[in-house]
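Undergrad: Fold the following, please.
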Amino acid sequence: MNTNSQRSSASHAGLIAKKIPDSLGRNITHWVKPGQDIHTPREKKIQQAKQERNRIQHGVRKDPKVDAQIKEMTNRHLQFEKEAREQRRSYGSGPKIPKPGMIMRVYAKGKVNVGGMLAKVKEIASDGKTIVCEFTSGKSYSLPLEHLEFAKSEITTDPIIQ
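TA: Residues are numbered from 1 along each chain as shown. All right, here's what the predicted structure looks like:
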């Protein structure tokens with residue numbers, strides 16, 4: 001028999017207490033009728049914004065040019081992975097001095113946030129400390145020797161990569 005309507009005072013008979021935070025975050029009690037829409041206009045707006053943010057956008061189309069670039073980069077990356085597997089079979093997994101055509105991993109953490117990207121050695125500079133590499137994006141960069149490490153790709157039997 002202890003319900004909210006019986007505990008409430010006579011001026012709030014039949015109403016339900018609802019705690020609504022104000023702009024400072026303090027809870028303020030509002031008395032509302034049961035069964036009615038108890039959301040304030042601000043709450044309705046917040047709820048609608050949440051629904052719009054969570055809605056999946058199926059109509060977004062990628063630019064065909066960008067889509068082709070992504071496909072090309074993915075194919076190049078898979079090719080680099082395949083070559084790294086073959087390279088590991090023939091050279092082993094120990095540290096190696098880079099030669100043109102080898103697949104290396106780039107760890108340039110001192111300069112930029114590159115952690116383990118695959119790169120193919122194109123050429124070694126005459127000083128012997130700088131190496132020109134082609135990334136999976138198709139761009140070529142010159143990197144110092146200490147930023148490169150022999151690619152130790154896993155030898156898998158995954159039919160997708162082969």
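
Undergrad: ok, now which ones touch residue 130?
TA: Under the criterion of Cβ atoms under 8 Å, 6 or more residues apart in numbering, the neighbours of residue 130 are 124, 142, 143, 144, 145. Where C-beta positions appear, they are placed from N, C-alpha and C, glycine not excepted.

Undergrad: Relative to residue 20, which of the residues you listed is nearest.
TA: Set against residue 20, the nearest of the contacts of residue 130 by Cβ to Cβ is residue 143 (58.7 Å).

Undergrad: looking at it, residue 20 is touching residue 26, isn't it?
TA: No: judged on Cβ atoms under 8 Å, residue 20 makes no contact with residue 26 at a distance of 9.8 Å.

Undergrad: For the two, indicate the residue with more neighbours.
TA: Neighbours per residue, other Cβ atoms under 10 Å: of residue 20 and residue 26, the larger number sits with residue 20, 15 against 9.

Undergrad: The longest helix seen in the chain - what's its average pLDDT?
TA: Longest helix in the chain by number of residues (criterion: DSSP state H): helix 64-91. Averaged over helix 64-91, pLDDT sits at 88.
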